[in-house]
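Undergrad: sequence unavailable; structure follows:
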């Protein structure tokens with residue numbers, strides 16, 4: 001009878017593990033964006049490292065289709081603008097589930113352990129100095145959005161800039 005009990009308990013634990021895994025995400029942990037001010041996400045030291053030349057400017061909306069939250073505009077020395085936004089009504093699954101026909105999501109290397117995607121529009125991908133929009137999967141139905149405007153060929157690639165800003169913001173959020 002003892003062997004039967006061990007097999008039963010083992011089977012229940014396996015089923016529980018499968019059920020838990022199916023409902024979980026691969027985020028290191030949930031980082032709620034409720035009540036987060038995007039201009040507080042990048043420390044002064046990181047602002048210097050990112051070569052931001054002017055004080056960040058809060059924006060009361062998120063640029064984009066049906067996105068709620070707030071943004072912060074940054075002006076790096078090397079041209080273009082960077083917008084860091086907390087999107088409080090959509091996770092990255094909005095872009096990865098195939099429902100948005102005008103764009104496709106491309107996985108980027110993880111930042112602080114969080115999945116990051118870049119949006120591409122049209123038939124071909126974008127060039128290294130075209131605008132770059134990325135989203136980090138921080139919580140269920142929430143995401144951190146970083147948009148970098150196009151810049152010149154003398155400037156760093158826009159998606160690398162987006163990655164650096166996302167890394168600084170996620171470090172603050174996870175702290």
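TA: Yes, it's here. Everything numeric in this text was worked out from a predicted model, so none of it was measured.

Undergrad: which residues are in contact with stretch 76-85?
TA: Residues outside stretch 76-85 that contact it (Cβ atoms under 8 Å, 6 or more residues apart in numbering): 38, 41-42, 50-53, 59, 62-64, 67, 69-75, 144-152, 154-156, 158, 161-162, 165-166, 169. Using the backbone N, CA and C atoms, a C-beta is placed for each residue, glycine as well.

Undergrad: now these: which count as buried?
TA: 38, 41-42, 50, 52, 59, 62, 64, 67, 69-75, 144-148, 151, 155-156, 158, 161-162, 165-166, 169 (16 or more other Cβ atoms under 10 Å).

Undergrad: which residues does the residue nearest in space to the middle of the chain contact?
TA: Centrality entry for the chain: nearest residue to the mean C-alpha point is residue 136, 1.4 Å, by Cα atoms, centre = their mean. Listed by Cβ under 8 Å, 6+ apart, the contact partners of residue 136 are 92, 111, 114-116, 143-146, 166, 170.

Undergrad: sorry, back to before: just the ones of the buried ones among the contacts of stretch 76-85 in helices?
TA: 158, 161-162, 165-166, 169 (DSSP state H).

Undergrad: picking that back up, tell me the one of the contacts of residue 136 nearest residue 127?
TA: Among these, residue 146 lies closest to residue 127 (Cβ to Cβ), at 17.9 Å.
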